[in-house]
Structure formats: structure tokens, C-alpha cells
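Student: 3D, please:
(one chain, ligands or ions: 2)
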Amino acid sequence: MSHSSELSSFLVLLTFGLAVLGGIAPQVDARAYIVFGDSLVDNGNNNFLLTTARADSPPYGIDSPSGRPSGRFSNSRNLADLVGEKVGVAQVLPYLNPELDGERLLEGANFASAGVGILNDTGLQFVNIIRIARQLQLFEQYQQRVGALIGDDQAQRLVNEAIVLITLGGNDFVNNYFLIPFSARSRQYNLPDYIRYLITEYRKILMRLYDLGARRVIVTGTGPIGCVPAEIAQRGRNGECAVELQQAAGLFNPQLVEVLQELNGQVGSDVFISANAFEMSYTFITQPEAFGFVTAKVACCGQGPYNGIGLCTVFSNLCPNRDLYAFWDAFHPSDRANQFIVDQFMIGSSKVMNPMNLSTMLALDSRS
Ligand SMILES: *[C@@H]1O[C@H](CO)[C@@H](O)[C@H](O)[C@H]1NC(C)=O
Ligand SMILES: *[C@@H]1O[C@H](CO)[C@@H](O)[C@H](O)[C@H]1NC(C)=O
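Tutor: Ligands and ions are numbered 1, 2, ... in the order given. Down below sits the predicted model:
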């Protein structure tokens with residue numbers, strides 16, 4: 001054995017030894033990260049399900065470190081990844097991934113599933129997705145597993161101190177109320193009443209999260225759903241955003257902020273933090289050039305007008321530089337656009353972050 005290969009075996013052993021030590025060291029200081037919601041934050045749960053709502057084939061993930069699809073609806077990172085990076089928590093695995101076991105559970109888990117909404121009948125066409133009530137059940141199961149690992153008191157503490165992100169609502173419009181003309185929900189409710197119903201149901205979901213121990217919950221409103229390439233292609237006139245969907249988001253978001261304020265008042269603390277994804281994205285949608293985008297109407301990956309028709313697949317048009325496009329596919333922002341959104345989560349004013357931005361949240365939490 002040559003001298004240099006002995007040295008490298010030693011280094012391998014040393015690194016291995018450190019990794020093992022690192023693995024058994026208690027991670028009391030790191031906060032866990034828990035994610036709920038839809039395709040804006042799903043990081044691979046749907047890969048494990050028999051559903052048509054999936055992003056597990058190329059070119060999804062083309063700009064990620066592996067260059068391969070992971071189930072994220074992005075060319076690289078999604079909102080959940082970027083929020084996690086900003087607030088300094090570990091990259092968590094999808095809850096359905098069998099590798100999420102043992103010590104890794106202490107870092108948190110992602111329960112999100114592309115296609116879901118606030119309502120159970122949202123995303124019915126995707127067949128097998130983890131509806132929000134089920135995501136919350138799995139969260140209970142998760143807590144039992146963490147309890148078995150570190151004891152129930154510590155598990156409770158871990159959940160209380162965790163950073164929770166929940167993203168819901170967009171699908172209740174695009175994949176329910178507005179999915180087809182004369183949808184069941186649109187025959188049942190006019191738009192304002194439907195939104196009141198959504199808010200009532202969302203409130204129950206958030207209260208349930210609180211009852212399950214969540215004490216820091218970032219809640220995103222719905223983005224400019226009328227301005228995504230799919231809706232511009234199908235409903236927009238001359239490349240304009242689809243009016244009725246923009247109206248829906250415009251009614252939904254302020255009522256969500258109100259209900260979060262009311263919940264904070266009820267529990268006597270700033271548990272729920274609203275992030276106005278509509279305002280945050282609207283800036284680069286109306287002034288794409290100011291953000292270095294060549295367009296905010298045409299998706300990078302897709303086909304038909306605005307690349308807004310059908311799915312993003314290996315057969316689709318694909319732009320050469322994803323950083324120049326605000327939209328990756330017909331519905332989802334590019335990695336670059338997600339970065340602009342999440343920057344605002346951190347430093348945004350009270351116009352977009354309520355009652356505080358995430359830098360203020362982190363400063364407060366580090367003191368307590
Ligand atoms: C959705 O389904 C869950 C579980 O089956 C149920 O508990 C919940 O009440 C349902 N929500 C609505 C709005 O019907
Ligand atoms: C965050 O919010 C606070 C309070 O509204 C504000 O003063 C501050 O400028 C915002 N940005 C940063 C980076 O803290």
C-alpha cells in the first residue's frame with residue numbers, strides 16, 4: 001500500500017468517524033421544519049403515490065444539484081426549500097420517503113402533496129393525493145414516532161419550537177371552482193360565498209395545527225393565480241391575466257390575513273404569520289424586466305400559447321436559461337422567481353408580512 005493511499009484510507013476513516021459522531025450528537029439547538037400544503041411546497045411525496053399530479057420526470061429538476069427530477073414542481077428549488085434555507089433549518093425529506101426514519105425525524109418532515117386544497121373535493125381528478133386532513137393525521141403519527149425516539153415531553157417541545165409552513169388555496173380555485181365551466185362548486189356558491197366557505201374551512205385546519213402543538217406557522221395566501229401561463233392561455237384576453245381568478249385571489253387573501261389576526265388574538269400570541277405571495281409575485285409579474293426576466297407570461301417548459309397548455313415533459317419546449325423566466329411550467333414559478341418571493345418573506349414590510357417578517361420572527365425566537 002503506497003503512502004498516499006494509506007493517508008486517504010485514514011482520511012476516509014476519520015471522516016466516517018466524524019459522521020457517526022455527528023449522527024449521535026443530540027440536535028437540541030436546531031429547530032425542526034414542518035411543511036404542509038400543495039405543489040408549491042411538495043418536495044416529493046407524490047412520487048410515492050399513484051397519482052397524475054407528479055414532477056418525477058425530466059426536465060423537472062434540471063437545474064438542481066443532481067440535475068434530476070425529485071418531485072418538486074420547479075427547475076430546482078421550490079418555496080419550501082428556499083424558506084428552509086433562509087430560516088436555517090435542515091432540508092427535510094418527504095414524509096412518505098422511507099429514508100425519513102430514526103434521527104432524521106428530528107429535523108422535521110414535509111407532508112405536502114401536489115394537487116390538494118383546503119377542500120376535500122379539490123384535486124379529485126388527481127385521484128391519490130394526501131388531502132390536508134390526512135396530512136394532519138400523518139403529522140400526529142410523526143409526533144408519536146418522534147416521541148418514541150426522544151420521549152413525549154421532548155417531542156412536544158420539538159413541535160412547539162418548530163417552524164411550520166403551510167401553503168393552500170390556489171387549487172381550490174384552479175382545480176375546483178374554475179376547473180370547468182359550471183363546476184359543482186360554482187353552481188353551489190357564488191364567488192364571495194365560496195371564499196367565505198374556504199376561509200371557514202381553512203380556519204379549522206389552522207386551529208387543528210395549533211391544537212397539535214404548532215406555535216410558529218407561516219401561512220401563504222394564494223399567488224396571482226390568474227396570471228400563470230396556463231390561465232393566460234386559457235382565459236386571458238390578449239395575454240392579460242384572467243380577470244375572475246385575479247378577483248378570487250383579491251377576495252381570498254385579505255380575508256385570510258383577517259382570520260389569522262383573529263386566531264392570534266384568540267390564542268393570545270403571534271403564532272400565525274401571513275405571507276402575501278400575491279403582492280410578492282405581482283411585482284415581478286408586472287415588471288419582469290426589473291427582475292431580470294425576459295417574460296412573466298410564457299412558461300419556460302410547456303407547449304401551445306404561452307407554453308401554457310398541458311404538462312411539462314421531455315417533449316415540451318424548454319427555454320435554455322431558466323433564470324430568465326418567471327414561470328417554470330404552466331402553473332409554477334421558476335427557482336429564480338421563488339427566490340424573489342422568499343426574500344420578501346425575510347425582509348418584507350408589513351404590507352406583505354403580517355404581523356412580522358421572518359427576520360423579526362427569528363430575532364424574537366432566538367431571545368426566548
Ligand atoms: C374532509 O375529510 C376529512 C376526513 O375524511 C373530514 O374530517 C373533514 O371534515 C372533511 N372536510 C370537509 C370540508 O368536508
Ligand atoms: C422586517 O420587519 C420589520 C418590522 O416591520 C422592519 O422594521 C424591517 O425593516 C423588516 N426587515 C428586516 C430586514 O428586518
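Student: Would you mind pulling up the elements that the helix or strand hosting Ile34 packs against?
Tutor: Ile34 is part of strand 33-37, with elements assigned from DSSP states H and E. Counting by 3 or more C-beta pairs under 8 Å, 6 or more residues apart in numbering; DSSP states H and E, the packing neighbours recorded for strand 33-37 are helix 79-87, strand 108-110, helix 132-150, strand 163-167. Any C-beta I mention is one placed from the backbone N, CA and C, and that applies to glycine too.
Student: Looking at the ones you listed, spot the one closest to ligand 2.
Tutor: helix 79-87 (11.4 Å; C-beta to the nearest ligand atom).
Student: Which elements pack onto that closest one?
Tutor: Packing partners of helix 79-87 (3+ C-beta pairs under 8 Å, 6+ apart): strand 33-37, strand 163-167, helix 335-347, helix 358-367.
Student: Which of those sits closest to ligand 1?
Tutor: Comparing these by C-beta to the nearest ligand atom, strand 33-37 comes nearest, at 14.5 Å.
Student: Which residue would you name as the spatial centre of this protein?
Tutor: Val41 (2.2 Å; C-alpha atoms, centre = their mean).
Student: Spatially nearest residue to it, not counting backbone neighbours?
Tutor: Once flanking residues are discounted, Val41 sits nearest to Ala80: 3.8 Å by C-beta to C-beta, 6 or more residues apart in numbering.
Student: Identify the residues contacting that neighbour.
Tutor: By C-beta atoms under 8 Å, 6 or more residues apart in numbering, the contact set of Ala80 is Val35, Leu40, Val41, Asp42, Asn43, Asn110, Ala112, Leu165, Thr167.
Student: Next, find the distance separating the first one from Asn264.
Tutor: What that stands for is Val35. 21 Å (C-beta to C-beta, to the nearest Å).
Student: Same drill for those two, tell me which one is more crowded.
Tutor: Val35 (29 against 17; other C-beta atoms under 10 Å).
Student: so what's the more buried one bridging to?
Tutor: Beta-bridge pairing for Val35 (DSSP bridges): Asn110, Leu165.
Student: Ile163 is in contact with that one, correct?
Tutor: No: applying C-beta atoms under 8 Å as the test, Val35 and Ile163 come out as separate, 9.3 Å apart.
Student: Using CSV, please lay out the helices and strands packed on helix 79-87 together with mean pLDDT and distance to ligand 2.
Tutor: Shown next, in CSV, are these (pLDDT from 0 to 100; distance: least, C-beta to the nearest ligand atom, whole Å):
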stretch, mean pLDDT, distance to ligand 2
strand 33-37, 98, 21
strand 163-167, 98, 16
helix 335-347, 97, 4
helix 358-367, 94, 4
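Student: list the contacts for Cys300?
Tutor: Going by C-beta under 8 Å, 6+ apart, Cys300 touches Asn75, Asn307, Leu318, Cys319, Arg322, Tyr325, Phe327, Trp328, Asp329, Ser334.
Student: now, which of the residues you listed lie within strands?
Tutor: Using DSSP state E, the members of the contacts of Cys300 that fall within strands are Leu318.
Student: Arrange the contacts of Cys300 in a markdown table, one row each, with neighbour count, distance to Pro181 and pLDDT as further columns.
Tutor: Output for the contacts of Cys300, formatted as a markdown table (neighbours: other C-beta atoms under 10 Å; distance: C-beta to C-beta, whole Å; pLDDT from 0 to 100):
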| residue | neighbour count | distance to Pro181 | pLDDT |
| --- | --- | --- | --- |
| Asn75 | 28 | 32 | 98 |
| Asn307 | 26 | 24 | 98 |
| Leu318 | 18 | 31 | 98 |
| Cys319 | 19 | 32 | 98 |
| Arg322 | 21 | 34 | 98 |
| Tyr325 | 27 | 30 | 98 |
| Phe327 | 30 | 24 | 98 |
| Trp328 | 32 | 28 | 98 |
| Asp329 | 29 | 24 | 97 |
| Ser334 | 26 | 30 | 98 |
